[in-house]
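Q: Using only what follows, build the 3D model:
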Amino acid sequence: MSVAVKVSIDAPTPPPLPPPKAPVPSPEATPQVPRLPRRLGALLYDSILLFALLLLATALLIIPYDLLAARPYPQGEWLYRTLFQAYLLAVIVGFYVYFWTHGGQTLGMSAWRLRVLRDDGGRLSARDALRRLAWAALSLAPVGLGLWWCLFDREHLAWHDRRSRTRLVVVPRGG
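A: Below you'll find the model as predicted:
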């Protein structure tokens, strides 16, 4: 005789799983905007480097002039002084435009792990770099108010960041 035993365990069905959430971007994926102390650190490093570069540029102009003209450079004359100042301004502009368009970092920015990008995340063109530099000069002119503004801005952007449609981002370690 055979006996068939049917055992049925009615376990409750688990509740349905919630729909998957949209992936949350990792902190590494979203660029971090630097705070004021990091900006000031990079600015200080670049100022020291620019000072040395301007000394070299001055020597490259004044020493050959003194040797070839057999007289000292006429510093007091309006035309010579204006041309000399324009030359030094061109050195400063060339420094920033070159570094911002070739890698997005000056040496000071590299030391503080900063990079400048357009708002759309792209690299700066020469026109973008000139626009940023012009707005930065205007932003820093009134006692640096445009830079101090990043303390109050909800995105921590300075005036020249907003006006030039560029921004500084913190480069992740090892990147």
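Q: What is the longest helix of this structure by residue count?
A: For the chain, the helix that runs over the most residues, judged by DSSP state H, is helix 36-69.
Q: Where does the residue most central in space within the chain sit: helix, strand or coil?
A: Central residue of the chain (CA atoms, centre = their mean): residue 116, 3.0 Å from the mean position. The three-state assignment at residue 116 reads strand, by DSSP: H, G, I helix; E, B strand; the rest coil.
Q: And the closest residue in space to it that isn't next to it in sequence, what's its pLDDT?
A: Counting by CB to CB, 6 or more residues apart in numbering, residue 104 is the residue found nearest to residue 116 once chain neighbours are left out, at 5.0 Å. (C-beta placed from N, C-alpha, C; glycine too.) Residue 104 carries a pLDDT value of 96.
Q: What is the neighbour count of residue 153?
A: Other residues within reach of residue 153, judged by other CB atoms under 10 Å, total 13.
Q: Would you agree it falls within a helix?
A: No: looking at residue 153 with three-state DSSP, it is coil, so not inside a helix.
Q: Would you check how far apart it and residue 16 are?
A: Computed with CB to CB, to the nearest Å, the distance linking residue 153 and residue 16 is 44 Å.
Q: now swap in residue 117 and tell me
A: On the measure of CB to CB, residue 117 and residue 16 end up 43 Å apart.
Q: more crowded one of the two?
A: Between residue 117 and residue 16, counted using other CB under 10 Å, the more crowded position is residue 117 (17 against 6).
Q: give me every residue that touches that one.
A: 31, 104, 123, 124, 166, 167, 169 (CB atoms under 8 Å, 6 or more residues apart in numbering).
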